[in-house]
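Visitor: This is a predicted model, with the sequence first.
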Amino acid sequence: VQLQASGGGLAQPGGSLRLSCAASGFTLDDYAIGWFRQAPGKEREGVAGIMSGGTTKYGDSVKGRFSISRDNAKRTMYLQMNGLKVEDTGVYYCNADRSLGGGEWADYWGQGTLVTVSS
């Protein structure tokens, strides 16, 4: 059971990247999903998420530029990043979680993929 993130790399300011995160050993159907990032010297922060009820949320700094999506049939989530800025640089992590009831949670993290935005 794991999440495998990919798609990071070097992009110029104003450019685009699309991150993917594939699930193995489980399906994403009943999971809330999200992308987080950690910039050098900073704490991990939420970037975008799709809640269990289908509501989509974005961090203020990425609204209008990033878009999260999922393809349950492919067991994959995506983060389309447009209009990249230098401050978007960091390691991006994907996450999937759901309640198992009784206070228990299934919570999975990808290994992280590095995004570097630089001219």
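Guide: Right, received. Where do you want to start?

Visitor: All the strands of the protein, residue numbers only.
Guide: 2-6, 9-11, 17-24, 32-38, 45-50, 56-58, 66-71, 76-81, 90-101, 104-109, 113-117 (DSSP state E).

Visitor: Make a markdown table from these and add mean pLDDT and mean neighbour count to it.
Guide: For the C-beta atoms, the positions are set from N, CA and C on the backbone; glycine is no exception. Below are the strands of the chain laid out as a markdown table (pLDDT from 0 to 100; neighbours: other Cβ atoms under 10 Å):
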| stretch | mean pLDDT | mean neighbour count |
| --- | --- | --- |
| strand 2-6 | 96 | 17 |
| strand 9-11 | 98 | 14 |
| strand 17-24 | 97 | 19 |
| strand 32-38 | 98 | 21 |
| strand 45-50 | 97 | 19 |
| strand 56-58 | 96 | 14 |
| strand 66-71 | 97 | 17 |
| strand 76-81 | 98 | 22 |
| strand 90-101 | 95 | 18 |
| strand 104-109 | 93 | 13 |
| strand 113-117 | 98 | 18 |
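
Visitor: gap between the two ends of stretch 25-45?
Guide: 26 Å (Cα to Cα, to the nearest Å).

Visitor: hmm, who's touching that stretch?
Guide: 1-2, 19, 21, 46-52, 59, 68, 70, 72, 75-77, 79, 87-98, 106, 108, 112, 115 (Cβ atoms under 8 Å, 6 or more residues apart in numbering).

Visitor: So which residue of this structure lies furthest out from the middle?
Guide: In terms of distance from the mean C-alpha position of the chain, residue 102 ranks first, at 27.0 Å (Cα atoms, centre = their mean).

Visitor: which residues touch residue 79?
Guide: 18, 19, 21, 35, 47, 48, 66, 67, 68, 92, 94.

Visitor: what is residue 21 paired to in the beta sheet?
Guide: residue 5, residue 77 (DSSP bridges).

Visitor: ignore the last one, residue 33
Guide: Residues in beta-bridge contact with residue 33 (DSSP bridges): residue 50, residue 96.
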